[in-house]
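S.K.: What shape does this take:
(4 chains)
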There are 2 protein chains.
Amino acid sequence: MVESGIGAVADVLADGQDASLRVTIKDVAAAAGVSISTASKALNERGRMSGETRERIQAVAQKMGFRPNAMARALVGQRSFTLGLLTNDTYGRFTLPIAAGLSVAMADRGVSVFLCAIDDDPERVRSNIEAMEDKRVDGLVVSGKRVDRVLPVDLPTVHMPVVYVNAACPDGAIGFVPDDEGGAYAAVSHLVELGRRRIAHITGPRSFSAVGLREQGWERALSEAALPCFEEALSGEWSERFGYEAGQRFVTMASADRPDAVFCGNDQIARGFIDALTLSGIRVPQDIAVVGFDNWEIFAAATRPPLTTVDMALKELGRQAGITLLDLIDGKPVEAGQRRLACRLMVRESCGASISSSD
Amino acid sequence: MVESGIGAVADVLADGQDASLRVTIKDVAAAAGVSISTASKALNERGRMSGETRERIQAVAQKMGFRPNAMARALVGQRSFTLGLLTNDTYGRFTLPIAAGLSVAMADRGVSVFLCAIDDDPERVRSNIEAMEDKRVDGLVVSGKRVDRVLPVDLPTVHMPVVYVNAACPDGAIGFVPDDEGGAYAAVSHLVELGRRRIAHITGPRSFSAVGLREQGWERALSEAALPCFEEALSGEWSERFGYEAGQRFVTMASADRPDAVFCGNDQIARGFIDALTLSGIRVPQDIAVVGFDNWEIFAAATRPPLTTVDMALKELGRQAGITLLDLIDGKPVEAGQRRLACRLMVRESCGASISSSD
DNA sequence: CTGAAAGCGCTTACAG
DNA sequence: CTGAAAGCGCTTACAG
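M.R.: Take a look at the predicted model:
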């Protein structure tokens, strides 16, 4: 470790304003010449009192920079206005947008969220959940990297409401996942509308439920258009490499036998696939149109040409999960089950849509 | 929004264990037949008392599933064992590893971290900081997407210790950034050791301080080896596109005039650069060795051939920042200034090192 | 060795 | 309309 900026011990607290010197409601009450309970009522807009005193007390509090201690409040109110977010996706594709969507929506409602990064070590999961219980969070959102895998979380013992996002949702629980089937349907329908007729599908491992759902969306769009599937869906890894290999396979076909469009199960596959075509002089989208899935910007925008793809609205997923969790905490009735939130087709260039028709 | 799993209202609380029925220290004391203060002392291993009663009380607490209310504890202890993480990088390249490293290290020490996702809207920043003050976090880590940009955080008014990560560090404050110069030096030295002599540099916009530092590392490694710089560093966008264009430029050179190695300012540039070479039949690493910067797995591992690159040890950065913040909170003296944490060279194939020599 | 009291910073009935 | 009292769940001196 290299050090720079040698010298003085850090001056961490400005103006000599020590955290322990923070102004309390007692200070406000004294300064305003009223009792603590009156101050409390004035500040919280409850009880009846002359508007004049209420305003005076509020002005004093404002001037003194009074900020109520949320922990003291929580202690009496039996409500901490905090949430825990448990996630085992430190890889980051899904967690960050979900966490950001959740965090922002919650911040707007005065609730803060604890981030608990857990690898798949059950011991760590256990201790993180205990920490959340000790801190008396009002609820938990559990987020994963696969829609069909549960986290190693022993839920029956958890004393608070839980909502699942992008993870398997146990019976009787509440979960939010992207609508894979609907997103795939939208993508393929878009290709059909653009006049493509021989639409293939290249996707990830069959062990992922998302693979099955996206395949169903592909089939539904084709059958509604009375088009046949172009061969069976090609299943492999979720990787550029697999997309590349799949592309090479099409390259060797007689051009008349080739598909005129390919719906890829994710953006990485689409990227590898397009690279393979480009290397062999097959033009995208002119010869073969391509649509991906994920809208992982860093891939989708960098692909040559830029990739049309399905956006899973992950921020919205996090937002909805948080709002629903708040409802649960408030005791509102919430129906059990898994919600599938709509995806959005992000039209760029690889599908062959002209700018003007890209609704 | 599609709904599935219709029916019963969610059964969110198992075993009828309501949060409000949680066992308190009063319950434990009663069950053990001692006073609350005795129970407290027994549980906290302080004061003197017979080992027998201490163990009995602990056993009772254990059996009842007693978990002390952290908020009550915080209220008296003037210490919440919580931290706030403020970040404006929702794009996610840097935040997630940093957050994960921080969160895990803190969890091991019993402290939990609030995630505050802020776009660059100053109003949101303000309200998030207020929320952290209200919640009485013990300290703040401020994390950004650029080492040379400060967040729009009005720090003089913050009542607690702050540490900066991957963001500009104001005078007198404490910050952690990756050692860009050292990482670049390691990368280029590695190329030199592998026998490369004409080593070029393609990098991002000069407005980034990281660009200047990485360039200095390149120059130092070359000058120590008594090698000249291969032309001036080529500066452009942090994008695949720019890397690709730079690659095309080298392609048109007479092969004798070309560099035999290129150090790229980030992995995206390296990726685009390699793609351009490959398309023109120039072999990597045989003809031109390539090293990147970032170790963004999703690029580095998918590049053909897999990319040798500099890892910035972001998790470690988050971990160190957290530990230092804890020291600050504990009142330990901490030197002001910015720390540059060592980077680590991740050797794959694009540099031409044989597996065995990839230390 | 053990317990009664005070207090952390707030809110909420309940009397005046 | 206002304030004294009790209490949220703990810990920490301070007496016994």
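S.K.: What residues of stretch A:171-186 count as buried?
M.R.: For stretch A:171-186, the neighbour count (16 or more other CB atoms under 10 Å in any protein chain shown) marks A:173-186 as buried. Just so you know, the C-beta spots here come from the backbone N, C-alpha and C atoms, and that holds for glycine as well.
S.K.: And for residue A:348, nearest residue in space, chain neighbours not counted?
M.R.: residue A:306 (3.9 Å; CB to CB, 6 or more residues apart in numbering or on different chains).
S.K.: Make sure the one you found is actually in contact with residue A:351.
M.R.: No - if you go by CB atoms under 8 Å, residue A:306 and residue A:351 don't touch, sitting 10.1 Å apart.
S.K.: more neighbours, these two?
M.R.: residue A:351 (26 against 15; other CB atoms under 10 Å in any protein chain shown).
S.K.: Tell me the spatial nearest neighbour of the more buried one, not counting adjacent residues.
M.R.: residue A:308 (3.8 Å).
S.K.: Which secondary structure element is home to the residue nearest to the spatial centre of chain A?
M.R.: What sits nearest the mean C-alpha location of chain A, by CA atoms, centre = their mean, is residue A:98, with 1.9 Å. For residue A:98, the enclosing helix or strand under DSSP states H and E is helix A:95-107.
S.K.: buried sites along that helix?
M.R.: In helix A:95-107, counting by 16+ other CB under 10 Å, buried: A:95-107.
S.K.: got it, and stretch A:120-138?
M.R.: Result for stretch A:120-138 [16+ other CB under 10 Å]: buried residues A:124-125, A:127-129, A:131-138.
S.K.: and what of stretch A:211-224?
M.R.: A:211, A:212, A:213, A:214, A:215, A:217, A:218, A:219, A:220, A:221, A:222.
S.K.: So the fourth one versus DNA strand C, what's the distance?
M.R.: With distances taken as CB to the nearest atom of the strand, to the nearest Å, residue A:214 is found 49 Å from DNA strand C.
S.K.: next one: the last one
M.R.: Between residue A:222 and DNA strand C the distance, using CB to the nearest atom of the strand, works out to 58 Å.
S.K.: Same check on the first one?
M.R.: Distance, residue A:211 to DNA strand C, by CB to the nearest atom of the strand: 50 Å.
S.K.: Then the second one?
M.R.: Residue A:212 sits 50 Å away from DNA strand C when distances are taken as CB to the nearest atom of the strand.
S.K.: which ones are touching that residue?
M.R.: residue A:206 (CB atoms under 8 Å, 6 or more residues apart in numbering or on different chains).
S.K.: Helices of chain A, start to end?
M.R.: Secondary structure of chain A (DSSP state H): helices located at A:25-32, A:36-44, A:51-64, A:70-77, A:95-107, A:122-134, A:180-193, A:209-224, A:240-251, A:267-279, A:297-300, A:314-329.
S.K.: And the ones you listed: which comes nearest residue A:89?
M.R.: helix A:95-107 (4.3 Å; CB to CB).
S.K.: Could you tell me the angle between that closest one and helix B:122-134?
M.R.: Helix A:95-107 and helix B:122-134 meet at an angle of 80 degrees, taking axes from the mean of the first three to the mean of the last three CA atoms, to 10 degrees as the criterion.
S.K.: quick revisit: tell me which other helices or strands the helix holding residue A:98 touches.
M.R.: Using 3 or more CB pairs under 8 Å, 6 or more residues apart in numbering or on different chains; DSSP states H and E as the contact test, the elements touching helix A:95-107 are strand A:82-87, strand A:112-117, strand A:139-143, helix A:314-329, helix B:95-107, strand B:112-117, helix B:122-134.
S.K.: Among these, which comes closest to residue A:249?
M.R.: Of the helices and strands packed on helix A:95-107, nearest to residue A:249 by CB to CB is helix A:314-329, at 31.7 Å.
S.K.: List the buried residues of that closest one.
M.R.: Buried-residue list, helix A:314-329, by 16+ other CB under 10 Å: A:314-322, A:324-329.
S.K.: which one of the residues you listed is nearest chain B?
M.R.: residue A:328 (5.8 Å; CB to the nearest CB).
S.K.: Just give the closest residue to that closest one, not the sequence neighbours.
M.R.: residue A:161 (4.0 Å).
S.K.: tally of neighbours for the closest residue to DNA strand C within the stretch 101-250 of chain A?
M.R.: The stretch 101-250 of chain A approaches DNA strand C most closely through residue A:110 (12.5 Å), counting by CB to the nearest atom of the strand. Close neighbours of residue A:110, defined as other CB under 10 Å, add up to 11.
S.K.: Nearest to DNA strand D: which residue in the stretch 251-359 of chain A?
M.R.: residue A:329 (16.8 Å).
S.K.: Show the pLDDT at that residue.
M.R.: Predicted confidence (pLDDT) for residue A:329: 94.
S.K.: Might one say that it is in contact with residue A:139?
M.R.: Yes - when contacts are counted by CB under 8 Å, residue A:329 is listed as touching residue A:139 (5.2 Å).
S.K.: returning to that earlier point: would you reformat the buried residues of stretch A:211-224 as JSON lines and include distance to residue B:144 and pLDDT?
M.R.: Output for those, formatted as JSON lines (distance: CB to CB, whole Å; pLDDT from 0 to 100):
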{"residue": "A:211", "distance to residue B:144": "37", "pLDDT": "97"}
{"residue": "A:212", "distance to residue B:144": "41", "pLDDT": "97"}
{"residue": "A:213", "distance to residue B:144": "38", "pLDDT": "97"}
{"residue": "A:214", "distance to residue B:144": "36", "pLDDT": "98"}
{"residue": "A:215", "distance to residue B:144": "41", "pLDDT": "98"}
{"residue": "A:217", "distance to residue B:144": "39", "pLDDT": "98"}
{"residue": "A:218", "distance to residue B:144": "41", "pLDDT": "98"}
{"residue": "A:219", "distance to residue B:144": "46", "pLDDT": "98"}
{"residue": "A:220", "distance to residue B:144": "45", "pLDDT": "98"}
{"residue": "A:221", "distance to residue B:144": "43", "pLDDT": "98"}
{"residue": "A:222", "distance to residue B:144": "47", "pLDDT": "98"}
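S.K.: how about low-confidence regions in chain A?
M.R.: A:1-20, A:91-92, A:147-156, A:355-359 (pLDDT under 70).
S.K.: Which residues of it lie near DNA strand C?
M.R.: A:22, A:24-26, A:36-37, A:40-41, A:43-44, A:46-47, A:66-69, A:72-73, A:75-77 (CB under 7 Å from any atom of the strand).
S.K.: I'd assumed residue A:141 was in contact with residue A:322.
M.R.: Yes - the criterion here is CB under 8 Å, and residue A:322 meets it with residue A:141 at 6.7 Å.
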